[in-house]
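[1] Below is the sequence, then the predicted model.
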Amino acid sequence: MNKADEILSQLNPAQQEAVKQIEGPVMVIAGAGSGKTRVLTYRIAYMLENGIPPWQILALTFTNKAAGEMKERIFKLLGDSQAQSVAMGTFHSVFYRILRTEGEKLGYSHNLIVYDTDDSKTAIKNIVKEMNLDPKTYTPSHILNRISAAKSSLLSAEEYAQNPDIAAVDAQSGKPHIAEIFMRYNARLKKSDAMDFDDLLYYMNILLRDFPEMLYKYQNRYRYILVDEYQDTNFAQYMIVKKLAAAHQNICVVGDDAQSIYAFRGANIQNILNFKRDYPKAQIVKLEQNYRSTQNIVNAANALIKYNKDQLPKEVWTSNNEGNKINIVQSNTDAEEANFIASNIKEIQLNEHIDNSHFAILYRTNAQSRALEESLIKHHIPYKIYAGLSFYKRKEIKDLLAYFRLAINNFDEEALRRIINYPARGIGETTMEKVIVAANEQNVRVWHVIEDPETYLDKEVYAPTKKKLKEFATLIKSYTAMLQRSNAYDLGLHIAKSSGIISELKQDISEKERLENIEEVLDALKQFVEKAPETSFNEDTGEVIENYFPTLDRYVESIALLTDTEDDDKQNFNKVKLMTIHAAKGLEFDYVYITGMEENLFPSALSIGSRQELEEERRLFYVAVTRAKVQLTLTHATMRFKFGSLQFSEPSRFLSEIPITYVNISAKASSGRGAMSIGGQRNPLRSRYAEQQEPAPAKPAGRFVPKQYARQTTQKPELSIDMAAIGKLAKPTDIVPKLKVYHVKFGYGEVINVEGTANDLKALIHFDSVGDKTLLLNFAKLIIPKK
DNA sequence: ATGGAGACCTTTTTT
DNA sequence: AGGTCTCCAT
């Protein structure tokens, strides 16, 4: 049996169908636990086994984790390094890389940096202040939401400003100046040579829309496209995928409409519901067999999701055991709820010898983790909280990274403002305000004012202060000068020391943890340097780059879109896992606790205003329920601390949507009352909820209608050089010593030597104009000239 | 310019 | 409850 057949033999018939159909559009509707990741990875492996070059495959995911997992599994499957050449990553990271390469066309440099949400909010906050608007009305998060929604719908700031419907919504909410903030915010990002998360998708669209040669280039590079979690794509992502796939139509999307939980940030469930309309020839495969959970869990999940109107019909089933009933446990307070869970975990472990790592506690909001944490500590149960405050969002890390960023890109205004007075060097608010006013009035960058204060600042700023500004600029410039000479670790260490960050933290014993975090970054830098490959290659020209040097800017690029430290399985393998339900998507655990099953918490009070929002909450519940393999426990409390005060809460309506045959309801014993018996045929929670149900208030419509994208791009763009006139494109195997060749960038040359095998052929070529170059033949589009 | 005390506001979910 | 912001004293 050959390897391709071997791959297929490990799949069920529906999965095989999804894997085998390499050409043409395919949509895989993958029910929870039906082996979605398996299908994706096996499909890529199958493609590779069928001779498709790895670099023609583009696999897009939503999280770094999903991308990493896929890579690892393909590696295990094929046992060679082919997986390394597959372009696999999050939408944001893949397009960031492309935009760094091509960004000059849009007026950005190769140093293009990414602003995270914090940077964006700070920038907006400052703009609101500069415009003398009321910061209580114009909150950064609300404004960023509006801007983000616009960018995700491919609406420019100008279009936003001119759209009367949007103006009406903003005027009605008392915030008529959002459009102007939007414009200033964009200008500011541009001046800083920076993009925010949404820009990465927005400008990728612009690149493909306005530059036909770019569309042509990337359509032909990525001939096979796979998209994971397609139900979570927003309009900007949808359009990129559509454009890239337009030429070859080899697009495979995988998703589950029932697990769409990101509409709040612009995901459009219609993208998956309308796939058949976009690609009429599409083959649709449904994966309906659940391999993960017990029958009780699968049946309960099926039953509750039926309350939703918007969905593709499917019936998930399992041949697993019926399993235990789902426990519903009521407690008096959130603290009791937490104690119950901790002691329940202990009890199960005592009886069945189950490792901590097989337990997960899920919640709707991060704020709920505190009470749980306390109980776990009290019960001596090791745990790990996922997300929360991610490593890269910690203050000290952001401070150090701001130094790195500013060294790489002197124009990064957010980084500059963050660190110009940290550690304190006597440059306070007042001075910075004057600097900013001067920069705005004289229409130069803030950096220029700092660099040359005598020219741009008047006598109002005292000479000693000017000197301090200049000294700061000099310090940063000394780092910049070292960028290409020192490796990432040496320079990083130098910056951490000479900037004063380390001594500042050393002064205060209570900052020990922050100091350790700084050391962790330095460790990471060391590893980055040590693990750096010796050679790399340029994807465009195929040129092999010897002595690849691990510089600090390469490090910063590599971590720009990481939200958390890589899952350090070594340390966390024996810990109970705590996370939000959103963070749990795609994961599975034997024992799952879903906490805070209460009205206004789950479903969230903010999401019960419309049917669409409520249905999203229900899908979220569906996701949570289907994480459990063996035992699911739902807990709710009658009283809970909210904003520091104790509040009463009613059981979640979702509890009543699970048919009574699958559940086992009990009150928590510690309150003194015995377990509550299940009375009658009806779920008692149902009637309880029905009594206090109120009509939902109407919500103003604020969502954008995606505009149709005017310029269609199927026409073949003209290349700057007419290749056919020069000769014919050579296959890698055509290249032999002494052959005369033509390269788009390096011109005419002669092959001196060829080495390597199959997909890794390299040639040393002497070019008339640029001398000797080693090229990777799979990437170097060499032409054999006409005689 | 800095730091501390008290008022105040928050809470969805994340690349 | 906890973090952020404002104001006031140094």
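    Looks like it came in fine.
[2] Show me which residues of the stretch 101-250 of chain A are close to DNA strand C?
    A:Lys125, A:Pro135 (Cβ under 7 Å from any atom of the strand). C-beta here means a position set from N, CA and C on the backbone, and glycine is covered the same way.
[3] Which residue does the stretch 101-250 of chain A have closest to DNA strand C?
    With Cβ to the nearest atom of the strand as the measure, A:Pro135 is the residue of the stretch 101-250 of chain A nearest to DNA strand C, at 6.0 Å.
[4] Also chain A?
    Closest point on chain A to DNA strand C, by Cβ to the nearest atom of the strand, is A:Gly644, at 2.5 Å.
[5] now the strands: where do they sit in the stretch 401-550 of chain A?
    A:536-537, A:544-545 (DSSP state E, counting those that start in this stretch).
[6] Export these as JSON lines, with columns for mean pLDDT.
    Output for those, formatted as JSON lines (pLDDT from 0 to 100):
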{"stretch": "strand A:536-537", "mean pLDDT": "69"}
{"stretch": "strand A:544-545", "mean pLDDT": "72"}
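[7] and of the ones you listed, who's closest to A:Leu144?
    Nearest to A:Leu144, of all these, is strand A:536-537, at 35.9 Å by Cβ to Cβ.
[8] re earlier: check contacts around the residue of the stretch 101-250 of chain A closest to DNA strand C.
    A:Lys125, A:Val128, A:Lys129 (Cβ atoms under 8 Å, 6 or more residues apart in numbering).
[9] Which residues are in contact with the closest residue to A:Ser558 other than its chain neighbours?
    Leaving aside its chain neighbours, A:Ser558 sits nearest to A:Phe528 (7.3 Å; criterion: Cβ to Cβ, 6 or more residues apart in numbering). A:Phe528 makes contact with A:Ala488, A:Tyr489, A:Pro550, A:Tyr555, A:Ser558, according to Cβ under 8 Å, 6+ apart.
[10] go again using 7 Å as the cut-off
    A:Ala488, A:Pro550, A:Tyr555 (Cβ atoms under 7 Å, 6 or more residues apart in numbering).
[11] Neighbour-wise, which one of those leads?
    A:Ala488 (26 neighbours; other Cβ atoms under 10 Å).
[12] And that residue, how far from A:Asn324?
    Counting by Cβ to Cβ, to the nearest Å, the gap from A:Ala488 to A:Asn324 is 51 Å.
[13] so where is the stretch 551-700 of chain A shaky, pLDDT-wise?
    Low-confidence segments of the stretch 551-700 of chain A, defined by pLDDT under 70: A:563-572, A:668-700.
[14] Now with 90, please.
    Segments of the stretch 551-700 of chain A classed as low confidence (criterion: pLDDT under 90) are A:553-554, A:556-574, A:583, A:585-587, A:605-613, A:641-649, A:665-700.
[15] which residues in it form helices?
    A:552-559, A:569-572, A:581-584, A:611-625, A:684-691 (DSSP state H, counting those that start in this stretch).
[16] Quick check: residues of chain A near DNA strand C?
    So far as Cβ under 7 Å from any atom of the strand goes, chain A lies against DNA strand C at A:Lys125, A:Pro135, A:Arg370, A:Phe641, A:Phe643, A:Gly644.
[17] Going by distance to DNA strand B, which of the residues you listed wins?
    A:Phe643 (3.7 Å).
[18] Kindly tell me how buried that closest one is, as a neighbour count.
    Using other Cβ under 10 Å, A:Phe643 has 6 neighbouring residues.
[19] So of the residues of chain A next to DNA strand C, which two are at opposite extremes in space?
    A:Lys125 and A:Phe641 (29.2 Å).
[20] Need phi/psi at the residue nearest to A:Gln484 when sequence neighbours are not counted.
    Excluding the flanking residues, the one nearest A:Gln484 by Cβ to Cβ, 6+ apart is A:Thr551, at 6.2 Å. A:Thr551 has phi and psi values of phi -90, psi 170 when expressed as degrees, to the nearest 10.
[21] List the residues that contact A:Thr551.
    A:Thr551 neighbours (Cβ under 7 Å, 6+ apart): A:Leu483, A:Gln484, A:Asn487, A:Ala488.
[22] what do you get for A:Asp412?
    A:Ile113, A:Ser192, A:Asp193, A:Ala194, A:Arg405, A:Leu406.
[23] Drop anything exposed from those.
    Among the contacts of A:Asp412, those classed as buried by 16 or more other Cβ atoms under 10 Å are A:Ile113, A:Ser192, A:Asp193, A:Ala194, A:Arg405, A:Leu406.
[24] Nothing else from me, thank you.
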